[in-house]
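Peer 1: Sequence and predicted structure are below.
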Amino acid sequence: MTEVFTTTGSSPLIVSFPHVGTDVPDAIAARMTPDALRLDDTDFEQPALYDFVRDLGAATVTARWSRLVIDVNRPPDNRPLYPGQWGAGLVPTETFAGEAVYAGGAPDEAEIADRRERYWRPYHAALAMAVASALDRHGHALLWDAHSISAVVPRLFEGTLPDMNMGTAAGEACDPAISAAAFDVCEAGPFSAVLNGRFKGGYITRSYGQPGQGVHAIQMELAKTTHLGADNRVDEARAALLRPVLRAAIGAAMAAAA
Ligand SMILES: [Zn+2]
């Protein structure tokens, strides 16, 4: 069974879609609440939004399983990404809205360990292989970790999130000249943009981004209002404004990395 979807690329670019999965194994879904099974916290439609990356020669790594099964953008030991702040964790028991994920008991340590092996490791095996392949062929790699989130999530941040939230682990995951090239494009566009604000990059950005070894990682957390309608499908009128900005930002990062 395919645990993660991948496409190979011809350029140093790898695009990762860790939160787009909407599959839940039957035995797990049977224990989840109706609220959880709406899968509201999914980063809906990111591959469709980024449909242009194949023209840039990107390799892609795309999650099959919902982030409620296990979050591949969290450390395998579940240490917090933002100490002192609420977070959904490796195997979430509450949604961003505070709804219970499980009707009965939450998964115990043995079940979490099992999910880590079945669903978390295959994503990282695929991602690590894509990064190693790009490094091998080009001498450097640019990893773009693609996310989206509701613009208003009181449990996670106050007020309304900026449209484009770029994170590089406060500069540790990406050469500053490369992230600046991408961020300048974002700032010049019609959307609000912030670098290393509330979202600085999750486990993927922080663990794969090794500028000294030629691997540059950038997380892009987009407010869903920039490209989704109320039905969580791409709003093409909005996406038509956003896609050129994303494409130019990634292109600028690739040029700076070359
Ligand atoms: Zn996400």
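Peer 2: Cool, got the structure. Not measured: the values here are computed from a predicted model.
Peer 1: Low-confidence regions, this protein specifically.
Peer 2: 1 (pLDDT under 70).
Peer 1: quick one: furthest residue from the center of it?
Peer 2: Relative to the centre of the chain, the most outlying C-alpha is that of Gly104, 29.0 Å out, by C-alpha atoms, centre = their mean.
Peer 1: Leaving out chain neighbours, which residue sits closest to it?
Peer 2: Spatially, and ignoring its direct neighbours in sequence, Gly104 is nearest to Arg31 (6.0 Å; C-beta to C-beta, 6 or more residues apart in numbering). From N, CA and C alone the C-beta is placed, and that goes for glycine too.
Peer 1: wait, what's in contact with that neighbour?
Peer 2: Each residue near Arg31 by C-beta atoms under 8 Å, 6 or more residues apart in numbering is listed here: Tyr102, Ala103, Gly104.
Peer 1: Return the member of those residues nearest to the ion.
Peer 2: Within the contacts of Arg31, proximity to the ion (C-beta to the ion) peaks at Tyr102, which comes in at 21.1 Å.
Peer 1: Tell me if I'm right that the closest one and Thr93 touch.
Peer 2: Yes. Tyr102 is within contact range of Thr93, at 6.4 Å (criterion: C-beta atoms under 8 Å).
Peer 1: of the two, who's got more company?
Peer 2: Tyr102 (17 against 14; other C-beta atoms under 10 Å).
Peer 1: quick one: the more buried one and Ala29, what's the gap?
Peer 2: Using C-beta to C-beta, to the nearest Å, Tyr102 is found at 11 Å from Ala29.
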